[in-house]
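Asks: any chance you could fold what I've pasted below:
(2 chains)
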Amino acid sequence: DAGVIQSPRHEVTEMGQEVTLRCKPISGHDYLFWYRQTMMRGLELLIYFNNNVPIDDSGMPEDRFSAKMPNASFSTLKIQPSEPRDSAVYFCASSPRLASNEQYFGPGTRLTVT
Amino acid sequence: GDSVTQMEGPVTLSEEAFLTINCTYTATGYPSLFWYVQYPGEGLQLLLKATKADDKGSNKGFEATYRKETTSFHLEKGSVQVSDSAVYFCALKGGTSYGKLTFGQGTILTVHP
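Replies: Numbering: from 1, shown residues only, chains lettered A, B, ... in the order given. Here you go, the predicted model:
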């Protein structure tokens, strides 16, 4: 299996622009997680899905952030409008089932907002 | 709520030195405990895990024992290598977390030749 795939790997954009990050989970995994990592705040869980349904979005920082999972093999995290404080590495992870002890992480998208 | 506290980093060691990274937790119920490792430019990957008290997780020479009485899960390795340089995250999955992992802040380890 190719593992969790994220695109783009790097994104540089200007403040105010819309940014869309993409994730393809491992085939057959029921859970999908979006994280944000910064030096100041460490690793934060933004939102997660079970069978394409959002379960907990309490970590989404504000209304500028939205996430969707239209099918089992694709998810997006959108920031509109973007701000410099959104600069971070965004990780997607997937997990095969509720009882699983392991989440499989993608390589991350490094976002820079100027 | 659930929380994980790791020792402050960064940690700098010489090759073949002994490593300990402390981790303590607060959780309701009976959590599972994990150590994840993040190599430069990569995502996190599971290093080892323990699902109940007194379990010992081990992998690649690393070990950690689930200590319920001290609510700890310290990571150890007897002889580190340069290739162990990475960021190490302690994490838990609580009994009521419904699949979520709670991560510590991460500890940067640098091993010099």
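
Asks: contacts and neighbour counts: CA atoms only from here.
Replies: Noted.

Asks: list the contacts of residue B:101.
Replies: For residue B:101, the contacting residues are B:91, B:92, B:93, B:94, taking Cα atoms under 8 Å, 6 or more residues apart in numbering or on different chains as the criterion.

Asks: how close does it sit to residue A:38?
Replies: Residue B:101 sits 17 Å away from residue A:38 when distances are taken as Cα to Cα, to the nearest Å.

Asks: show me which residues of chain B sit near chain A.
Replies: Taking Cα under 8 Å from any Cα of the partner chain as the contact definition, chain B meets chain A at B:32, B:41-46, B:49, B:93, B:98-99, B:103, B:105-106.

Asks: most centrally placed residue in chain A?
Replies: The centre of chain A sits closest to residue A:34, judged by Cα atoms, centre = their mean, with a distance of 3.2 Å.

Asks: hmm, it is touching residue A:48, no?
Replies: Yes: with contact defined as Cα atoms under 8 Å, residue A:34 reaches residue A:48; the gap is 6.2 Å.

Asks: for the residue nearest to the centre of chain A, pull up the helix or strand it's in.
Replies: strand A:31-38 (DSSP states H and E).

Asks: what's next to that strand, contact-wise?
Replies: For strand A:31-38, the surrounding residues in contact (Cα under 8 Å, 6+ apart) are A:25, A:42-52, A:77, A:88-98.

Asks: swap in stretch B:31-43?
Replies: The contact list for stretch B:31-43, computed with Cα under 8 Å, 6+ apart, reads A:91, A:101, A:105-108, B:44-52, B:66, B:73, B:75, B:85-95.

Asks: for that stretch, what is the distance to the chain centroid?
Replies: The gap between the average C-alpha position of stretch B:31-43 and the chain average comes to 8 Å, counting by Cα atoms, centre = their mean, to the nearest Å.

Asks: and that stretch, end to end?
Replies: Distance between the boundary residues of stretch B:31-43 (Cα to Cα) amounts to 23 Å.

Asks: how about stretch A:48-56?
Replies: From its first residue to its last, stretch A:48-56 covers 6 Å (Cα to Cα).

Asks: equivalent analysis for stretch A:13-29, please.
Replies: The first residue of stretch A:13-29 is 31 Å away from its last residue (Cα to Cα).

Asks: repeat that for stretch B:54-67.
Replies: Criterion Cα to Cα; first-to-last residue distance in stretch B:54-67 is 6 Å.

Asks: and what of stretch A:87-107?
Replies: When the termini of stretch A:87-107 are compared using Cα to Cα, they are 16 Å apart.

Asks: do stretch B:41-59 as well
Replies: First residue to last in stretch B:41-59 (Cα to Cα) measures 22 Å.

Asks: ok, now stretch A:14-24?
Replies: By Cα to Cα, one end of stretch A:14-24 lies 26 Å from the other end.

Asks: OK, contacts around residue A:17?
Replies: Under the criterion of Cα under 8 Å, 6+ apart, the neighbours of residue A:17 are A:80, A:81, A:82.
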